[in-house]
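Enquirer: Fold the stuff below for me.
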Amino acid sequence: MGESFGFLVMGEASVLGGVGMKNWKKMLVTSLACSAVLGLSSYSPAEAAYELNPAVKTVTPALMEASEIGVLKYENPQMANYTNKDAIVVASFGTTFKDTREKTIEATVRDIQDANPGVKVVTAFTSHIIIDRIAAKEGKHYPTPEEALMQLKAEGYSRVALVSLDVIPGMEYSYVKAVYNEYKDQFKTMTCGTSLMYWQGQEDQSDDVTEFIKAVSSQFPALGKDEALLLMAHGTPHVSNAYYSVIQAKLNELGYKNVYVYTVEGWPSLETILPKLKQNHIKMVTLMPIMMVAGDHAHNDMAGKDSDSHKSILESQGFKVNTYLHGLGENPAIRAAFVERANDAWDALQGRKGADADHIKMMK
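Expert: Numbering: from 1, shown residues only. Model prediction:
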């Protein structure tokens with residue numbers, strides 16, 4: 001696989017003859033030089049990347065794009081002489097629930113703004129339906145990430161950090177990355193941050209999942225022997241649905257007993273968890289969303305009065321049910337983690353991380 005695709009998978013260096021993540025910058029010099037020879041001068045490396053094998057003679061843009069992981073960065077050599085005028089675009093799925101929006105999304109954006117005083121920070125929603133509904137109901141317009149970027153360009157901004165408020169790198173985060181790839185050549189410099197959970201401790205990277213659990217556990221109730229906590233996630237057809245299994249494994253590893261992750265639209269479902277509750281003789285459960293906002297899924301799917309709500313299903317099975325109707329964005333520790341992700345993208349924009357000035361200069 002390494003020979004056919006031309007890059008070295010982290011952790012498989014001994015098989016493919018490469019190096020680990022610790023020495024990625026050293027290998028990156030070789031790949032950048034190769035790129036320059038081949039005329040691929042528009043390439044700037046991601047903050048963390050697969051190392052390209054120096055034996056590869058044809059470094060195509062597709063191969064370069066496939067190697068990009070982590071915080072992404074692009075330098076446009078044709079705009080090198082443009083004056084730096086910087087902005088941050090914070091992209092979220094959004095919600096029509098105004099109260100939770102103010103306590104979660106807008107509160108997080110304020111924290112990002114506070115961490116970057118004097119910098120223009122724009123909030124964008126990736127859900128076009130939610131944008132339309134808010135405009136119709138409240139008369140307030142949130143731009144899409146595309147609209148936000150084009151407005152910034154019209155206002156003369158030349159460098160933009162694109163930040164995500166997604167919890168996992170699923171379909172919505174893929175949308176944010178797609179926007180980055182489509183619009184990055186419109187600016188002198190552009191970066192794209194990661195979702196809240198991205199790294200899992202591999203190759204000396206941070207363990208975002210463990211950090212997430214420690215942050216969200218500040219809102220966990222004390223549990224008796226016959227009590228359980230059910231953490232409701234969204235679920236996705238995207239392969240990133242596997243993150244929920246990782247969260248469960250980390251919860252178990254950290255010693256959290258009778259704490260289970262389930263999803264509204266993915267696996268594991270509530271039906272997956274029910275047998276475990278009965279097996280462990282659980283009598284009382286607390287339902288808690290691990291979504292950015294406590295919107296429709298939390299109020300209706302989880303805690304609604306209809307017979308098919310999670311609360312009603314559990315009650316019909318004989319369980320006593322408590323509900324926690326607060327989004328992740330209300331948790332100060334979670335907001336702080338999102339600020340860190342935003343700062344990663346901002347630092348990359350400023351050249352404080354990743355590709356240094358000498359590498360960029362070599363590319364030009």
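
Enquirer: Surely Pro169 is within a strand?
Expert: No - going by DSSP: H, G, I helix; E, B strand; the rest coil, the assignment for Pro169 is coil, not a strand.

Enquirer: My guess is it contacts Asn241. True?
Expert: No - Pro169 is beyond contact range of Asn241, at 11.1 Å (criterion: C-beta atoms under 8 Å). For every residue, glycine as well, the C-beta is placed using N, CA and C.

Enquirer: The protein: strands as residue ranges?
Expert: With DSSP state E as the criterion, the chain has strands at 7-8, 48-49, 51-52, 68-69, 72-75, 86-92, 120-125, 159-164, 189-192, 227-233, 259-263, 284-289, 320-323.

Enquirer: At the geometric centre of this protein, which residue do we find?
Expert: Ser195 (1.1 Å; C-alpha atoms, centre = their mean).

Enquirer: Output the strands of the chain in CSV; the columns should cover mean neighbour count.
Expert: Listed next are those as CSV, based on neighbours: other C-beta atoms under 10 Å:
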stretch, mean neighbour count
strand 7-8, 22
strand 48-49, 22
strand 51-52, 24
strand 68-69, 20
strand 72-75, 24
strand 86-92, 26
strand 120-125, 21
strand 159-164, 28
strand 189-192, 27
strand 227-233, 22
strand 259-263, 22
strand 284-289, 22
strand 320-323, 17
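
Enquirer: Can you get me a residue count around Ala55?
Expert: By other C-beta atoms under 10 Å, the residues close to Ala55 number 8.

Enquirer: okay, it: pLDDT?
Expert: Here, the pLDDT recorded for Ala55 equals 85.

Enquirer: ok, the residue nearest to Ala333 when sequence neighbours are not counted to Ala336 distance?
Expert: Take Ala333 and drop its neighbours on the chain: the residue closest to it by C-beta to C-beta, 6 or more residues apart in numbering is Ala215, 3.7 Å away. Distance from Ala215 to Ala336, counting by C-beta to C-beta, to the nearest Å: 8 Å.

Enquirer: before we move on, what about Met79?
Expert: 34 Å.

Enquirer: Count the residues that sit near Ile130.
Expert: Ile130: 19 surrounding residues under other C-beta under 10 Å.

Enquirer: Let me know whether it touches Lys98 as I believe.
Expert: No - using C-beta under 8 Å as the test, Ile130 is too far from Lys98 to be in contact (11.5 Å).

Enquirer: wait, what's in contact with the most far-flung residue of the chain relative to its centre?
Expert: Seen from the C-alpha centroid of the chain, the residue lying at the greatest distance (C-alpha atoms, centre = their mean) is Gly318, 37.1 Å away. Neighbour list for Gly318: Lys283 [criterion: C-beta atoms under 8 Å, 6 or more residues apart in numbering].

Enquirer: how close does it get to Met284?
Expert: 11 Å.

Enquirer: ditto for Trp199
Expert: Applying C-beta to C-beta to Trp199 and Met284 gives a distance of 35 Å.

Enquirer: just His297 next, same as before
Expert: His297 sits 22 Å away from Met284, going by C-beta to C-beta.

Enquirer: ok, which stretches of the stretch 251-364 of the chain are helices?
Expert: Ranges of helices within the stretch 251-364 of the chain are 270-279, 296, 310-316, 332-349, 357-363, based on DSSP state H, counting those that start in this stretch.
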